[in-house]
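[1] sequence plus the predicted model coming up.
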Amino acid sequence: MTQIEENALQEFVNIVRRLRRECPWDKIQTNRSIRHYTIEEVYELAEAIDQEKWDDVKGELGDILLNVLLHAQIAEDEGKFSLVEMIEAETKKMIERHPHVFGSVDAKTPDQVKVNWERIKTEAGRESIFDGIPVAFPALARAYKIQDRAARVGFDWGNAEEVWVKVEEELGELKEVAVGGTEDRREEEFGDLLFSLVNYARHIGVNPESSLRMATEKFQKRFLYIEDELDKQNVSLHDATLDQMNELWEKSKGKD
């Protein structure tokens, strides 16, 4: 880290500490009270990255850094831990979990790094390979993470083609209960299909959470085009026919 970087970071830390002393809002915050702000900032960063708006990415990273420092300062004020202790603990963890960089362990591929990472975590006393995966994660992201953890210890399909066979099997089971099946069975089979699709996404190198987010944004963008075009024609969205909307939908694809 250069002297300029050190000075900039120290100034930012000092600002956060001053806010905790002098700002009426910051003074009353707790780690729990700002928890949702931190989550929001991470989602805003993800959106900026997806849209490749790099000025926004810079701003959102700054907001996340603010949240990190504020959480640490609140913890320090309450005698839980200090910023230095947090950094030292993370530094120690990174060194321990990268023996291929800071030690003599051989790991030449990303997959080998992942396997070593899981082994080190287990040896450190983790009760389950799934420890640390928040229940509050979005469902697709949690499914992906759980599958990835299991795969790191060798419990995985051999290739994407094998997974696709499972996807087709689950699709068939869903079709069987879609009409006439109980609500519980439909929900169960639909969940199994989604879980299989997440597995397939993992095997072809696609993040399902990001992929679904992009598909949703694309749908919204195209439907907004329909709304705008109908408005130009003085046609209410509620009065428009399906044929009218479908025609505009096809035109919207050329605007992507």
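    Looks like it arrived, so ask away.

[2] number of nearby residues for Ser104?
    Residues contacting Ser104 under the criterion other C-beta atoms under 10 Å number 6. All C-beta spots, glycine's among them, are computed from the backbone N, C-alpha and C.

[3] identify each buried residue in stretch 6-18, please.
    Neighbour counts over stretch 6-18 (16 or more other C-beta atoms under 10 Å) mark 16-17 as buried.

[4] give me the below-cutoff pLDDT ranges for the stretch 101-250 of the chain.
    125 (pLDDT under 70).

[5] the protein: helices as residue ranges?
    Remark: helices assigned in the chain by DSSP state H are 3-22, 24-27, 35-50, 54-77, 83-96, 99-102, 110-123, 139-152, 160-178, 183-203, 208-232, 242-252.

[6] out of the ones you listed, flag the one nearest Phe130.
    Nearest to Phe130, of all the helices of the chain, is helix 139-152, at 5.8 Å by C-beta to C-beta.

[7] quick one on the thing from earlier: for the helices of the chain, give me a markdown table that also has distance to Gly132.
    Output for these, formatted as a markdown table (distance: least, C-beta to C-beta, whole Å):
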| stretch | distance to Gly132 |
| --- | --- |
| helix 3-22 | 27 |
| helix 24-27 | 29 |
| helix 35-50 | 16 |
| helix 54-77 | 18 |
| helix 83-96 | 12 |
| helix 99-102 | 20 |
| helix 110-123 | 8 |
| helix 139-152 | 9 |
| helix 160-178 | 25 |
| helix 183-203 | 18 |
| helix 208-232 | 18 |
| helix 242-252 | 42 |
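
[8] Ile129 is nearest to which of those helices?
    Using C-beta to C-beta, the nearest of those to Ile129 is helix 139-152, at 4.7 Å.
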